[in-house]
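Trainee: sequence below, structure please.
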Amino acid sequence: MSVWKRAGIPVVTAAVLVGAAGCQDGDAGNKKATGGPELQSRDAVTKVVQAAYKKTAEAKTAKVSMTMTMSGSAEAAGTMELSGVMGWDPTLMDMTMKAPKGMAGAGADAAMPEQIRMKWLDDAMYMDLGTKAAEEMDGKRWMKMDLGAMAEASGDKQLQKQMTRGLEDMNQSPAQQLALLLDSPNLKHVGSQKVGGVEAQHYKGTLTFQDMVKSNKSLDVLTEKERKELVDQAEKSGIKGYDTEVWVDEAGYPVKMDLGMTMPQGTVKITANYSDYGVKATVVAPPAAETFDFMKLMEELGAAGSAGTGAGAGSPGSGA
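Mentor: I've put the predicted structure just below:
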């Protein structure tokens, strides 16, 4: 349980990081650029974003520096800083997360490493949980979570469908965020603005949750009934729609993106700065001798629990 507690925050972080769709209410991100009043026409905006999408999709990798802020009642409320390399088509990641500021237990929990390295490779997430985890897990400090294998082992067809959809969503990239932006009926040019000393053009657009569902090809596995349930749940949760902001530099690449997600439990806001598109990104899985499989661990714990229950079922005073 102590191992899982340490793993929980990076798992949530990774899920949001690689699958974030930028959902927030319509007022979010309503910032004014510092550039002049001359704005591009809708046709010009579309051409710029389309060109940026093509260049970004072809690059396949980039360095990223990201700040993720979670607020509300979630245990993981606070601010995280992540940096490293990420790739898309195929999805891969090698990033380091600094100890979250303000999150429950952060800093006070000596068992939690000050930095957590996260790798994503072949539909599996690896997390370095530090020396404390190694002490508890026979020298194994890396935890592996293979979502596809977990779904298949469950034998639950619905779960497999949901997990497959989730893996496809995890192939999100700056390019896909640009593609979503192109689907916005109110895509617009906000103005010019310097980002990290680089001149960039600022664009934004919004989509309703229903529009987002239609645009997301990975949701094609859903039946019409399931789609309606998804939209109804989102509306009940108070998610009004999606808003994405992007800053494109003179070379035609997105150098910054603002994304967010608003839920009843709180909000998640992400600011990502990108650079070095096309950088070489070789992600290698940790040594097998230093890695334990989360699914196998759960199976062993379940088997041990069943054995313990069976052994005590007929004993006096067991309460069975």
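
Trainee: do you know how far residue 284 is from residue 81?
Mentor: From residue 284 over to residue 81 the distance is 24 Å, taken as CB to CB, to the nearest Å. For glycine as for every other residue, the C-beta is placed from the backbone atoms N, C-alpha and C.

Trainee: name the residue in the two with the higher neighbour count.
Mentor: Neighbour comparison, residue 284 and residue 81: the larger count goes to residue 81, with 15 against 9 (by other CB atoms under 10 Å).

Trainee: would you mind giving the secondary structure of that one?
Mentor: Of the three states, residue 81 takes strand under DSSP: H, G, I helix; E, B strand; the rest coil.

Trainee: quick one: pLDDT of the nearest residue to residue 253 once chain neighbours are set aside?
Mentor: Spatial nearest neighbour of residue 253, excluding adjacent residues (CB to CB, 6 or more residues apart in numbering): residue 277 at 5.2 Å. If you check residue 277, the pLDDT there is 95.

Trainee: residue 277: what's it in contact with?
Mentor: Residue 277 sits next to 55-56, 59, 61-62, 253 when contact means CB atoms under 8 Å, 6 or more residues apart in numbering.

Trainee: and with 7 Å instead?
Mentor: With contact set as CB atoms under 7 Å, 6 or more residues apart in numbering, residue 277 has these partners: 56, 59, 62, 253.

Trainee: the second one and residue 276, how far apart?
Mentor: Spelled out, that is residue 59. 9 Å.

Trainee: host element of the closest residue to residue 128 other than its chain neighbours?
Mentor: In this structure, residue 128 finds its nearest non-sequential neighbour in residue 117, 4.3 Å apart by CB to CB, 6+ apart. When elements are assigned from DSSP states H and E, residue 117 belongs to strand 115-121.

Trainee: what's that strand packed up against?
Mentor: Under the contact criterion of 3 or more CB pairs under 7 Å, 6 or more residues apart in numbering; DSSP states H and E, strand 115-121 touches helix 2-19, strand 92-98, strand 124-128.

Trainee: would you map the strands across the stretch 151-300 of the chain?
Mentor: 188-195, 198-208, 241-249, 254-263, 266-275, 291-293 (DSSP state E, counting those that start in this stretch).

Trainee: go through those strands and pick out the most buried.
Mentor: Of all the strands of the stretch 151-300 of the chain, strand 241-249 has the most neighbours on average by mean count of other CB atoms under 10 Å, namely a mean of 23.

Trainee: now do that one and strand 188-195, the angle between them.
Mentor: 50 degrees (axes from the mean of the first three to the mean of the last three CA atoms, to 10 degrees).

Trainee: model confidence for residue 231, exactly?
Mentor: Listed pLDDT for residue 231 reads 70.

Trainee: is it true that it touches residue 211?
Mentor: No - checked against CB atoms under 7 Å, the pair residue 231 and residue 211 is beyond contact range at 10.1 Å.

Trainee: can you dump the C-alpha coordinates of stretch 79-86 into PDB?
Mentor: Output of stretch 79-86 as PDB, limited to C-alpha atoms (Å, rounded to 0.1, in the frame of the first residue of the first chain):
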ATOM      1  CA  THR A  79       1.500  22.100  -8.400                       C
ATOM      2  CA  MET A  80       3.900  19.800 -10.300                       C
ATOM      3  CA  GLU A  81       6.700  20.500 -12.600                       C
ATOM      4  CA  LEU A  82       7.700  18.100 -15.300                       C
ATOM      5  CA  SER A  83      10.400  18.200 -17.900                       C
ATOM      6  CA  GLY A  84      11.900  15.800 -20.500                       C
ATOM      7  CA  VAL A  85      11.200  14.400 -23.900                       C
ATOM      8  CA  MET A  86       7.900  13.100 -25.300                       C
END
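
Trainee: what pLDDT, on average, does that stretch get?
Mentor: 90.

Trainee: then stretch 144-153?
Mentor: 75.

Trainee: got it, and stretch 51-65?
Mentor: On average, stretch 51-65 scores 93.

Trainee: which residues does that stretch contact?
Mentor: For stretch 51-65, the surrounding residues in contact (CB under 7 Å, 6+ apart) are 83-89, 174-175, 178-179, 182, 248, 252-254, 272-279, 281.
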